[in-house]
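> Attaching a predicted model along with its sequence, questions to come.
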Amino acid sequence: MLARHGIRYPGKKDILNGHAVILEMIRHGVSPLIVKRLESVMESFPLSEAADLAKTGAKEQWDLGHRTGKRYASIFHKNTHLRFISSSSARAVSSEKNFEQGLNEGLGWNTSLTYEQRDDLLRFFDICPRYITQVKKNKTAFGEYNKFRNKMFPHIVERIASRLSVKNLSIDHGEFYTVSKKTVENYFCYNFVKFPPTVKIFGKKMAKRISLCEVHSLSTSPNLCRCSTVLNADVPNCYILL
């Protein structure tokens with residue numbers, strides 16, 4: 001049986017771009033009600049859990065394992081030895097564990113099993129030298145895809161702008177910003193200036209700007225916990241004073 005990992009949270013770049021969308025919407029005067037709705041969605045995706053298995057993904061895998069155990073119980077025996085293989089990614093490992101738990105409950109007993117991680121089998125795109133050379137690093141390999149994207153993406157941006165009732169949006173090939181200091185500056189100064197001052201955030205190279213951003217303490221601001229991850233990971237010499 002071959003199964004993909006369960007539903008996962010968006011990746012780090014997707015989450016940062018989601019917040020950049022909010023900044024772009026505000027800059028173009030999009031209705032505060034629409035902005036608030038998107039903000040409420042983005043609050044569900046903390047950077048600390050980027051690309052990890054979501055709660056719904058864990059339940060999905062448990063249900064799949066449970067249904068498998070119930071339906072195929074007649075072909076399993078208590079002395080049957082099973083072999084589980086996953087990649088080393090956290091979402092795949094968690095998916096295997098949840099599937100295993102569901103399977104055992106579906107069968108009514110704990111199966112004998114062997115578990116191993118095989119990135120060479122399941123993540124060949126990170127390891128296989130030929131794939132990396134001929135596909136991943138080959139600019140012509142995705143030629144048709146890039147032609148389609150370059151042709152269609154401007155129309156998508158126009159449709160989004162139209163739905164938001166603004167003239168245009170500054171989106172370049174699906175990305176607002178790269179994961180950079182500029183992203184963090186924009187992200188912090190938008191998320192933090194609206195809170196009363198109890199905590200200061202600063203960086204040696206961004207002190208003039210970020211030191212002006214004051215926020216609630218960690219216990220009262222989920223944004224602080226989320227953004228501290230960005231600081232630690234992407235901006236050297238930046239600190240949070242609690």
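Everything's here; your move. Numbers count the residues shown, from 1 in each chain.
> from here on, contacts and neighbour counts on C-alpha atoms
Will do.
> so where's the chain shaky on pLDDT?
Applying pLDDT under 70 to the chain flags residues 171-242.
> sec struct for the residue of the chain positioned farthest from its centre, please.
Within the chain, residue 79 marks the point farthest from the mean C-alpha position, 39.8 Å out by C-alpha atoms, centre = their mean. Per DSSP: H, G, I helix; E, B strand; the rest coil, the secondary structure class of residue 79 is coil.
> Please export the C-alpha coordinates of the longest helix anywhere in the chain as PDB.
What stands out as the longest helix in the chain, according to DSSP state H, is helix 143-163. What follows is helix 143-163, C-alpha atoms only, in PDB (Å, rounded to 0.1, in the frame of the first residue of the first chain):
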ATOM      1  CA  GLY A 143      10.300  25.300 -20.100                       C
ATOM      2  CA  GLU A 144       6.700  24.500 -21.000                       C
ATOM      3  CA  TYR A 145       5.600  25.100 -17.400                       C
ATOM      4  CA  ASN A 146       7.300  28.500 -17.300                       C
ATOM      5  CA  LYS A 147       5.700  29.500 -20.600                       C
ATOM      6  CA  PHE A 148       2.300  28.600 -19.300                       C
ATOM      7  CA  ARG A 149       2.900  30.400 -16.000                       C
ATOM      8  CA  ASN A 150       4.200  33.500 -17.700                       C
ATOM      9  CA  LYS A 151       1.100  33.600 -19.900                       C
ATOM     10  CA  MET A 152      -1.600  32.800 -17.400                       C
ATOM     11  CA  PHE A 153      -0.300  34.400 -14.100                       C
ATOM     12  CA  PRO A 154      -1.000  38.000 -15.100                       C
ATOM     13  CA  HIS A 155      -4.600  37.100 -15.800                       C
ATOM     14  CA  ILE A 156      -4.900  35.500 -12.400                       C
ATOM     15  CA  VAL A 157      -3.500  38.700 -10.700                       C
ATOM     16  CA  GLU A 158      -6.000  40.700 -12.600                       C
ATOM     17  CA  ARG A 159      -8.900  38.500 -11.500                       C
ATOM     18  CA  ILE A 160      -7.700  38.700  -7.800                       C
ATOM     19  CA  ALA A 161      -7.400  42.500  -8.100                       C
ATOM     20  CA  SER A 162     -10.900  42.700  -9.600                       C
ATOM     21  CA  ARG A 163     -12.400  40.600  -6.800                       C
END
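> Thanks again, I'm all set now.
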